[in-house]
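Participant: quick one: sequence and predicted model below, then my questions.
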Amino acid sequence: MPHFHLAPPPMFSAPGWRHLTRIVLCLALSCLVGGPAAAQDAATRERWREAIAASSFEAPLSVVSEARDYGVSGSIHARISRPLPVLTEELTSAAAWCEILFLHLNVEACRHEPHAKGAEALSVHVGRRGFQPLEKAQRIDLTLEVRAVLPRYLSLGLEGDRGPYGTRNFRLRLQAMTDGEAASLVHLRYSLAYGTPARLALWAYFNTIGRDRVGFTVVGREADGAPRYVGGVRGMIERNVMRFYLALEVHLATLSLPEPGRLETRLRRWFAATERYPRQLHELDEATYLAQKRRELAR
């Protein structure tokens with residue numbers, strides 16, 4: 001895929017120039033939509049649809065994960081009732097991603113600004129459960145990398161050298177494709193790497209207070225026939241990629257709401273969405289979550 005390096009003329013502001021550049025790239029690369037690329041799109045779309053259809057979730061989504069010796073990843077495939085142009089316009093903005101990430105109960109704050117290399121930068125402060133002063137929270141520096149903006153395809157990612165709690169190589173990547181005129185198929189992938197110290201810390205956590213924390217993948221059956229869910233680092237990554245996905249879904253579903261009260265609505269909807277999966281995602285009651293987020297927003 002070609003790369004374009006353009007210097008903005010004086011009459012454009014930086015945000016306006018970035019938006020114009022995305023449009024130019026979309027037009028310049030639109031020739032890739034036909035021929036073999038179109039066939040590849042169709043095959044990818046069918047694979048994503050099959051993954052969603054095979055899922056046991058009531059909603060149109062599926063969750064999978066993979067653990068390696070020094071890394072873990074979790075992916076969600078889903079169908080969102082929003083056309084691709086809406087996703088492209090909204091999700092190529094670091095401001096939107098700060099709003100999305102802030103819904104996560106462990107995100108204390110998120111700020112964004114232009115990056116020296118032309119991308120947009122985010123500073124995400126991550127803490128333990130409950131309100132924390134920012135100086136006690138861990139800061140994760142991310143860049144928003146927009147890889148492809150095409151009429152029927154979007155690819156972007158949030159990337160950072162460090163992840164939460166001693167992990168590294170934070171990657172939150174989104175791909176989206178058209179699914180008819182009014183919907184989109186999305187693939188959201190969250191991955192982390194870890195060295196020996198973080199690996200030992202995670203092992204200690206999952207063998208003590210985190211031993212009962214589980215994800216969504218069914219790995220067997222209990223004696224009473226109930227599903228046995230994956231635990232450990234795979235359970236951890238599945239819980240968090242689901243939290244990020246639900247935040248993305250809520251954000252897109254509330255774009256038309258008026259600004260006064262929109263964040264409050266998003267907080268309530270995100271909490272309600274997580275409560276659909278209490279075995280995996282319930283950690284605190286709604287009143288506590290809302291009070292925590294209001295304090296975080298007020299500082």
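Facilitator: Happy to help now that I have it.
Participant: show me where this structure dips below the pLDDT cut-off.
Facilitator: Within the chain, the stretches with pLDDT under 70 are 1-40, 115-118.
Participant: any idea which helix is longest in it?
Facilitator: helix 232-253 (DSSP state H).
Participant: helix or strand right after that one?
Facilitator: Using DSSP states H and E, the helix or strand that follows helix 232-253 in sequence is helix 262-274.
Participant: what's that next one in contact with?
Facilitator: Applying C-beta atoms under 8 Å, 6 or more residues apart in numbering, the external contacts of helix 262-274 come out as 99, 103, 243, 246-247, 249-251, 253-254, 257, 281-282, 286, 289-290, 293, 297. Where you see a C-beta, it was placed from the backbone N, CA and C, and this is true even at glycine.
Participant: drop anything exposed from the residues you listed.
Facilitator: Neighbour-count burial (16 or more other C-beta atoms under 10 Å) applied to those gives Glu99, Leu103, Arg243, Leu246, Ala247, Glu249, Val250, His251, Ala253, Leu281, Tyr289, Lys293.
Participant: what is the most widely separated pair among the residues you listed?
Facilitator: Maximum pairwise distance in the buried ones among the contacts of helix 262-274, criterion C-beta to C-beta, is 19.8 Å, between Glu99 and Leu281.
Participant: residues in contact with Ser81?
Facilitator: Ala182, Ala183.
Participant: now do the helices in this protein.
Facilitator: So, for the chain - with DSSP H - the helices run 14-29, 35-53, 84-91, 94-102, 196-206, 232-253, 262-274, 278-281, 286-298.
Participant: for Arg189, which of the ones you listed is the nearest?
Facilitator: So among these, helix 232-253 is nearest, using C-beta to C-beta, at 7.4 Å.
Participant: could you export that closest one as PDB, CA atoms only?
Facilitator: Taking Å, rounded to 0.1, in the frame of the first residue of the first chain, the C-alpha atoms of helix 232-253 are listed here in PDB:
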ATOM      1  CA  GLY A 232      -5.500 -16.700  33.700                       C
ATOM      2  CA  VAL A 233      -4.200 -14.300  31.200                       C
ATOM      3  CA  ARG A 234      -6.600 -15.400  28.500                       C
ATOM      4  CA  GLY A 235      -9.500 -14.700  30.800                       C
ATOM      5  CA  MET A 236      -8.000 -11.300  31.600                       C
ATOM      6  CA  ILE A 237      -7.500 -10.300  28.000                       C
ATOM      7  CA  GLU A 238     -11.100 -11.500  27.100                       C
ATOM      8  CA  ARG A 239     -12.600  -9.400  29.800                       C
ATOM      9  CA  ASN A 240     -10.800  -6.300  28.800                       C
ATOM     10  CA  VAL A 241     -11.300  -6.600  25.000                       C
ATOM     11  CA  MET A 242     -15.000  -7.000  25.800                       C
ATOM     12  CA  ARG A 243     -15.000  -3.900  28.000                       C
ATOM     13  CA  PHE A 244     -13.300  -1.900  25.200                       C
ATOM     14  CA  TYR A 245     -15.800  -3.300  22.600                       C
ATOM     15  CA  LEU A 246     -18.800  -2.400  24.700                       C
ATOM     16  CA  ALA A 247     -17.400   1.100  25.200                       C
ATOM     17  CA  LEU A 248     -17.000   1.400  21.400                       C
ATOM     18  CA  GLU A 249     -20.500   0.200  20.800                       C
ATOM     19  CA  VAL A 250     -22.100   2.600  23.400                       C
ATOM     20  CA  HIS A 251     -20.000   5.500  22.000                       C
ATOM     21  CA  LEU A 252     -21.300   4.900  18.500                       C
ATOM     22  CA  ALA A 253     -24.900   4.400  19.600                       C
END
